[in-house]
Structures are given as structure tokens and as C-alpha cells.
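Chemist: Kindly return the folded structure for what I paste below:
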Amino acid sequence: MGLVSRQNECHWAMTEENIDARFMQEFLEDFSLRIRTETFVILDNAPIHKANMIKESIPFWQNRDLFIFFLPKYSPHLNITEILWQIMKGKWLVPEDYLDKEILFYALNRCMANVGKELEIKFNPFKPK
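Modeler: A predicted model of the protein is given here:
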């Protein structure tokens, strides 16, 4: 699970399990406790993002200056995290990274930690794919 800003700031969490609403809620809860300024998170319309536990947490997060918004339906070109995943899978990860779980987790953490440092994404909000 990851959040990325247009300034290439990245926040992420990893799991071997399926990412479900509980994982998402815990991730955003932890994130809401770490931010220091007003922060806006834009989510797509995945069912886990619209789950009741997420909706019920939004007022608490707003009190901590974390504001959740949703992309319009059918707008994957506006989802910059999807762009990050595409670039990571297509350019930054190599086939050897998929040999086993530990290698893959290491490679993913390496990529995420280097977003905005050695690895940079140039986002163009006006050019849909």
C-alpha cells in the first residue's frame, strides 16, 4: 500500500496478506498520526476505500488535518499511485526480484525508499495515458 505526492514524497506499508479495508484503515490511521501539516489523500473508488470503517474514520482524520477525497469514476490517469506501480513494475523491478518473498519485499522497500531520491516520477496531470 502506498501514497505518493506530486513532489515524489512516498509513504507505504507492506503485507503478505490481501490489502483489505482493515489494512487500509490502519494504514491511514497511522499516517494521520504522522503528518504535521494539512494533508489531502486522493483515493480511487476501490471498494476497500469506500468501506464503512473508512467512512467512519474520516471525521477523526479530518480533526488531525488529514482530508480524504475520491477520484471521479473511470479516471485511472489521475491516480498517481497507479503511475508509480506501473513504473515500478515496468522499470525498477527486475525478474530476479520475484524469485522469492524476501527478495521481492527487499526490492519493493528499496524502490519505495528511493522515490524522490534516486527514483523520480515526473507527473503530468494534463496528459492522460
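Chemist: count of residues packed around the residue lying closest to Y98 once chain neighbours are set aside?
Modeler: Residue nearest to Y98 in three dimensions, not counting chain neighbours: L104, with 5.8 Å by CB to CB, 6 or more residues apart in numbering. The way it works is simple: take the backbone N, C-alpha and C, and place the C-beta from them, glycine included. The tally of other residues near L104 (other CB atoms under 10 Å) stands at 15.
Chemist: for the helix or strand where L104 lies, packing partners?
Modeler: Using DSSP states H and E, L104 sits within helix 101-114. Helices and strands touching helix 101-114, by 3 or more CB pairs under 8 Å, 6 or more residues apart in numbering; DSSP states H and E, are strand 10-12.
Chemist: for the record, mean pLDDT for the following helix or strand past the strand it packs on?
Modeler: Using DSSP H and E, the next helix or strand after strand 10-12 towards the C-terminus is helix 21-34. What helix 21-34 shows for mean pLDDT is 96.
Chemist: Where in this protein is the helix or strand with the lowest mean pLDDT?
Modeler: Across the helices and strands of the chain, the lowest-confidence element by mean pLDDT, DSSP states H and E is helix 80-87, at a mean of 81.
Chemist: so what secondary structure elements neighbour that one?
Modeler: Using 3+ CB pairs under 8 Å, 6+ apart, the elements in contact with helix 80-87 are strand 2-4.
Chemist: low-scoring stretches of the chain, by residue?
Modeler: Low-confidence segments of the chain, defined by pLDDT under 70, are located at 123-129.
Chemist: Burial check on the nearest residue to I87 once chain neighbours are set aside, number of neighbours?
Modeler: Take I87 and drop its neighbours on the chain: the residue closest to it by CB to CB, 6+ apart is I121, 6.0 Å away. Applying other CB under 10 Å, we find 16 other residues in the vicinity of I121.
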